[in-house]
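[1] mind folding the following:
(one chain, ligands or ions: 3)
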Amino acid sequence: MASFNVLMLPGDGIGPEVMAEVGKVVDFLDKQGVARFETETDLVGGACYDAHKVSITDAAMARAQAADAVLFGAVGGPKWDAVPYDARPEAGLLRLRKDLGLFANLRPAICYPALADASSLKREVVEGLDIVIVRELTGGVYFGEPKEIVTLENGEKRGVDTQVYTTHEIERIGRVAFELARKRRNKVTSSEKRNVMKSGVLWNQVTSALHKAEFGDVELEHQLADALAMQLVRWPKQFDVIVTDNLFGDILSDIAAMLTGSLGMLPSASLGAEDPATGKRKALYEPVHGSAPDIAGKGLANPIAMIGSFAMSLRYSFGLLEAADLVETAIANVLAQGLRTKDIAAAGQNAVGTGEMGAAIVKEMQALAR
Ligand SMILES: NC(=O)C1=CN([C@@H]2O[C@H](COP(=O)(O)OP(=O)(O)OC[C@H]3O[C@@H](n4cnc5c(N)ncnc54)[C@H](O)[C@@H]3O)[C@@H](O)[C@H]2O)C=CC1
Ligand SMILES: CC(C)CC(=O)C(=O)O
Ligand SMILES: [Mg+2]
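    Numbers count the residues shown, from 1 in each chain. Ligands and ions are numbered 1, 2, ... in the order given. Okay, the predicted model is just below:
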């Protein structure tokens, strides 16, 4: 039986709560004999800062480098607002992305039929929605230098972040988007702000050149990021694959989450380059949402984004496609049966807690597997 080494980094706030539900799914697949999952757990984010005064330790980084896949919950929260910038909880996640070379973040936004009325938009706008945002994850303004707050001669302060993209960085994320589109509805929308940003001009040129040279069979369109945000809430079904930079991808995917009903619904896969010798790639799987301090500790968090992220690991890291289908079908079925956490429940509709939703998904997997 295939055996995989999985590092779980639950993090802060609702991170540990939703990770516990993935634990149930992992245990089930393990008992079913689908594969052997050797899991380890470590600290990240504020929890790690409290123990070690850093947001991730070198030992945890080494474990992440060695793992077949990393499962990540969420980090951050008001408790750590005063922590020095370089040790803030979010820095641990950024280090993982950068040091593991996870440049491609796939964020699928699927509106399950049962949730078409949970979106704040009209049913006809979101019903059947199935798009993927391909977000560049190791470049752009999150990492560009200089990044600083400097004091000017007149005593005023200036905060500086730098947006930087190279041809190589744009080409490799563009290639991910075009290849993904070929397996889907064959359309890529590339988004930047070339009207005000030099990096946007280069993004547009490099994507167009790549399209012309290698992907002429795929439809390519360009939309400025502000207009794309508007189109996402006007008529999102016009999109198939959206490729964009680190910051725009972060923002646009939170918008896309609300088309599916809740931020608690959106999974993601953060992937590195394939090693040509082994065919393997570094990968981390994380929900799109954060640590949700407003509901943390109350058992209210929706675990579907986290469980969906684990399903993506079954697909992209472990090659267990049937198991991935099983998890995703179980999610769709429990929603169709009317099960709702509070974030996706209609007014007056009964809602279940995090643990009940996780248990119901596993029970449904059991029923489907019979
Ligand atoms: N990947 C990560 O670890 C991320 C961490 N953060 C951090 O999380 C902290 C809180 O950030 P916020 O701006 O509040 O964003 P958030 O994503 O944590 O929460 C935004 C809203 O969505 C709700 N929500 C999020 N996930 C949910 C779930 N699974 N089920 C039900 N409702 C859910 C929350 O209750 C809240 O009302 C900050 O420190 C931020 O930096 C934010 C985004 C990503
Ligand atoms: C570093 C993260 C907190 C940024 C974020 O919001 C995300 O990746 O979705
Ligand atoms: Mg975000």
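[2] tell me how far the residue of the chain positioned farthest from its centre lies from Asp325.
    Ranked by distance from the centre of the chain (Cα atoms, centre = their mean), the top residue is Asn154, with 42.6 Å. Here the criterion is Cβ to Cβ, to the nearest Å. By it, Asn154 lies 62 Å from Asp325. All C-beta spots, glycine's among them, are computed from the backbone N, C-alpha and C.
[3] then Gly216?
    Distance of Gly216 to Asp325, computed by Cβ to Cβ: 32 Å.
[4] with Leu152 instead?
    Leu152 sits at a distance of 58 Å from Asp325 (criterion: Cβ to Cβ).
[5] who's more crowded, these two?
    The neighbour count for Leu152 versus Asp325, taken as other Cβ atoms under 10 Å, is higher for Asp325 (14 against 8).
[6] give the contact list for the more buried one.
    Under the criterion of Cβ atoms under 8 Å, 6 or more residues apart in numbering, Asp325 has no neighbours.
[7] and the helix or strand harbouring it, what's its mean pLDDT?
    Following DSSP states H and E, one finds Asp325 within helix 321-336. What helix 321-336 shows for mean pLDDT is 98.
[8] please see if that helix touches ligand 1.
    No: counting by Cβ under 6 Å from any ligand atom, ligand 1 has no neighbours in helix 321-336; the shortest distance is 13.3 Å.
[9] which residues in this structure form strands?
    For the chain, the strands defined by DSSP state E cover 3-11, 36-41, 69-74, 104-110, 130-136, 144-151, 157-162, 187-192, 219-224, 241-244, 269-271, 283-285.
[10] and the last one with ligand 1, contact?
    No: with Cβ under 6 Å from any ligand atom as the criterion, ligand 1 is not reached by strand 283-285; the gap is at least 10.1 Å.
[11] was I right to think Asp217 contacts Val188?
    No: counting by Cβ atoms under 8 Å, Asp217 stays clear of Val188, with 11.3 Å between them.
[12] for the two, indicate the residue with more neighbours.
    When Asp217 and Val188 are compared for neighbours, Val188 comes out ahead with 27 against 10, by other Cβ under 10 Å.
[13] run a quick neighbour tally on the residue of the chain found nearest ligand 2.
    Closest contact between the chain and ligand 2, by Cβ to the nearest ligand atom, is at Glu90 (4.2 Å). Using other Cβ under 10 Å, Glu90 is surrounded by 18 other residues.
[14] can you offset everything so residue one is 9?
    Right, with 9 as the first residue, what we last looked at is Glu98.
[15] now do the contacts for it.
    Taking Cβ under 8 Å, 6+ apart, one finds 53, 63, 83-84 in contact with Glu98.
[16] residues in contact with His297?
    Counting by Cβ under 8 Å, 6+ apart, His297 has contacts 22, 82, 265, 271-272, 274, 313.
[17] from Val184, how far out is it?
    His297 is 23 Å from Val184, by Cβ to Cβ.
[18] and what of Gly147?
    Gly147 is 13 Å from Val184, by Cβ to Cβ.
[19] now Glu156
    31 Å.
[20] between those two, who's got more neighbours?
    Using other Cβ under 10 Å, the more surrounded residue of Glu156 and Val184 is Val184, with 19 against 11.
[21] measure the more buried one to His60 for me?
    Separation of Val184 from His60 (Cβ to Cβ): 34 Å.
[22] and for Ser261?
    Distance, Ser261 to His60, by Cβ to Cβ: 30 Å.
[23] these two: which is more packed in?
    Taking other Cβ under 10 Å, Ser261 and His60 do not tie; Ser261 has more neighbours (23 against 15).
[24] right, and the more buried one touches Arg143 too?
    Yes: between Ser261 and Arg143 there is a contact at 6.5 Å, judged by Cβ under 8 Å.
[25] between these two, what contacts are shared?
    Common neighbours of Ser261 and Arg143, using Cβ under 8 Å, 6+ apart, are Arg115.
[26] show the contacting residues for the residue lying closest to Val172 once chain neighbours are set aside.
    Spatial nearest neighbour of Val172, excluding adjacent residues (Cβ to Cβ, 6 or more residues apart in numbering): Gly152 at 3.9 Å. Gly152 sits next to 169-172 when contact means Cβ under 8 Å, 6+ apart.
[27] tell me the pLDDT at Gly152?
    Reported pLDDT for Gly152: 98.
[28] ok, so what distance separates it from Asp169?
    Counting by Cβ to Cβ, the gap from Gly152 to Asp169 is 7 Å.
[29] count the residues that sit near Asp302.
    Asp302 is flanked by 11 other residues according to other Cβ under 10 Å.
[30] quick one: it and ligand 1, what's the gap?
    Distance, Asp302 to ligand 1, using Cβ to the nearest ligand atom, to the nearest Å: 5 Å.
[31] so Thr47 sits against Leu37, correct?
    No: using Cβ under 8 Å as the test, Thr47 is too far from Leu37 to be in contact (11.5 Å).
[32] quick one, which of those two is more surrounded?
    Comparing Thr47 with Leu37 by other Cβ under 10 Å, the one with more neighbours is Leu37, at 22 against 16.
[33] burial of the residue nearest to that one when sequence neighbours are not counted, as a residue count?
    Spatial nearest neighbour of Leu37, excluding adjacent residues (Cβ to Cβ, 6+ apart): Ala331 at 5.8 Å. Ala331 sits with 22 neighbouring residues when counted by other Cβ under 10 Å.
[34] repeat for the one 10 residues further on
    Taking other Cβ under 10 Å as the criterion, the count of residues near Asn341 is 18.
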